[in-house]
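sequence and predicted structure, then a few things I'm wondering about:
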Amino acid sequence: AAECAAGRDGAVVLDRWVDERGVRHTAVRGVGVDGRQIWARELTTEATVSADPDGRRFALVHDGTAEIVDTRGRTTSRFGGVVAAAFAGKGELVTLDAGARPRRLELG
């Protein structure tokens, strides 16, 4: 795996590659506390991930968007204009835009 993010109740593992046409890909896999894969998806772009400390939500950042997914891989919300994101505490996400300006979001 190229990158992972884990919390108490789950984790997400990323693997990245570039195909023969030069297109970037990211394989995203959600993993339970027992190590078994729960969900998966493939993105035709490069993505990064951050985990909420409890491991029940993850921020996937790709294509200028922070996509919040739950432990089943379902998208629960999206925020545009984002190039990076990290959970700062339970329910609090800090994002950066292209100008490196931070924004704090309360996710509840």
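Here it is on my side, so go on.

can you list the weak-confidence ranges in this structure?
Scanning the chain with the threshold set as pLDDT under 70 gives 1.

what segments of it are strands?
3-7, 10-18, 24-31, 37-43, 48-51, 57-62, 65-70, 75-80, 84-89, 92-96, 102-106 (DSSP state E).

single out the most deeply packed of those.
strand 57-62 (a mean of 23; mean count of other C-beta atoms under 10 Å). The way it works is simple: take the backbone N, C-alpha and C, and place the C-beta from them, glycine included.

for that strand, packing partners?
strand 10-18, strand 24-31, strand 48-51, strand 65-70, strand 84-89 (3 or more C-beta pairs under 8 Å, 6 or more residues apart in numbering; DSSP states H and E).

keeping just the C-alphas, turn that strand into PDB.
This file holds the C-alpha atoms of strand 57-62, laid out as PDB (Å, rounded to 0.1, in the frame of the first residue of the first chain):
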ATOM      1  CA  ARG A  57     -15.000   8.500   8.900                       C
ATOM      2  CA  PHE A  58     -12.400   9.200   6.300                       C
ATOM      3  CA  ALA A  59     -11.600  12.200   4.100                       C
ATOM      4  CA  LEU A  60     -10.600  11.200   0.500                       C
ATOM      5  CA  VAL A  61      -9.100  14.200  -1.300                       C
ATOM      6  CA  HIS A  62      -9.100  14.100  -5.100                       C
END
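
give me the distance from it to the chain's centre.
In terms of C-alpha atoms, centre = their mean, to the nearest Å, the centre of strand 57-62 is found 2 Å from the chain centre.

pull the residues that contact it.
5, 10, 12, 26, 28, 30, 43, 45-52, 66-71, 76, 82-87, 93, 107 (C-beta atoms under 8 Å, 6 or more residues apart in numbering).
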